[in-house]
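Participant: quick one: sequence and predicted model below, then my questions.
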Amino acid sequence: DSTNARQLLQYTAQSEYANTVFGFELGNELTHRGKIQNITRLVNAHQELRLIIDETWSAATNSNYKHKPKILGPASVGPSETKILLKALGSHIDIATYHKYHGSGKDASIIKHAKGTSIIQHPRNFHEISKTVNKYVDNPEVWVGEGAMAFNSGRQNITDSFVGSFWFTNLLGAISKSRPHTV
């Protein structure tokens with residue numbers, strides 16, 4: 001039931017903040033580890049969010065709107081999950097979001113990812129995501145909505161230190177090589 005979401009968006013559109021809202025992202029890693037397995041349910045939710053935004057931010061309703069908020073998504077993890085979601089959701093989102101983590105902060109060997117050659121995989125992985133986005137999203141943009149060397153709050157003295165900056169430098173380079181206008 002989208003009643004509460006509709007009311008919140010209507011309130012936002014009528015408030016002084018209506019022109020400061022860039023966009024909305026529906027959920028976070030929704031299919032990760034089986035949270036939601038029904039892709040049709042996600043598609044329907046995104047369709048409904050688009051309808052609510054279109055109705056609420058309609059130029060006919062209020063000529064003071066400078067822009068209509070965008071829909072971001074799918075906020076997914078991993079190339080295969082992202083491909084499945086973009087194939088289903090691509091026509092319902094404006095900006096594709098992707099989460100990139102290299103490993104778990106609970107893994108004591110995470111340091112090897114910063115010092116080893118596995119970090120070189122970023123450009124290949126991001127290029128694959130960009131190809132998928134180009135295939136399924138109109139006027140595609142790709143954002144890394146979340147990213148770090150390690151999930152689970154990182155690893156002390158690694159992800160919060162100078163060595164962790166190599167991961168970010170490599171990721172930014174990969175993004176700029178694949179999609180220079182989104183860095």
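Facilitator: Thanks, I have it. Numbers count the residues shown, from 1 in each chain.
Participant: could I get the full set of strands for this protein?
Facilitator: For the chain, applying DSSP state E gives strands covering 23-25, 70-77, 95-104, 142-151.
Participant: distance from the third one to the middle of the chain?
Facilitator: Which is strand 95-104. Between the centre of strand 95-104 and the centre of its chain there are 8 Å (CA atoms, centre = their mean, to the nearest Å).
Participant: partners of it, with directions?
Facilitator: Strand 95-104 has the following sheet partners, assigned by DSSP bridges: strand 70-77 (parallel), strand 142-151 (parallel).
Participant: of those, flag the one that's most buried.
Facilitator: strand 70-77 (a mean of 22; mean count of other CB atoms under 10 Å). To be clear about C-beta, it is placed using only N, CA and C from the backbone, and glycine gets the same treatment.
Participant: hey, least reliable of the strands paired with strand 95-104 by pLDDT?
Facilitator: Lowest mean pLDDT within the strands paired with strand 95-104: strand 142-151, at a mean of 74.
Participant: just the C-alpha atoms of it, please, in PDB.
Facilitator: Output of strand 142-151 as PDB, limited to C-alpha atoms (Å, rounded to 0.1, in the frame of the first residue of the first chain):
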ATOM      1  CA  VAL A 142      25.500   5.100 -13.600                       C
ATOM      2  CA  TRP A 143      26.200   6.000 -10.000                       C
ATOM      3  CA  VAL A 144      28.100   4.000  -7.400                       C
ATOM      4  CA  GLY A 145      25.500   4.600  -4.700                       C
ATOM      5  CA  GLU A 146      27.600   2.900  -2.100                       C
ATOM      6  CA  GLY A 147      31.200   1.800  -2.300                       C
ATOM      7  CA  ALA A 148      34.100   0.800   0.000                       C
ATOM      8  CA  MET A 149      36.900  -1.700   0.100                       C
ATOM      9  CA  ALA A 150      34.900  -3.700   2.700                       C
ATOM     10  CA  PHE A 151      31.300  -3.900   3.800                       C
END
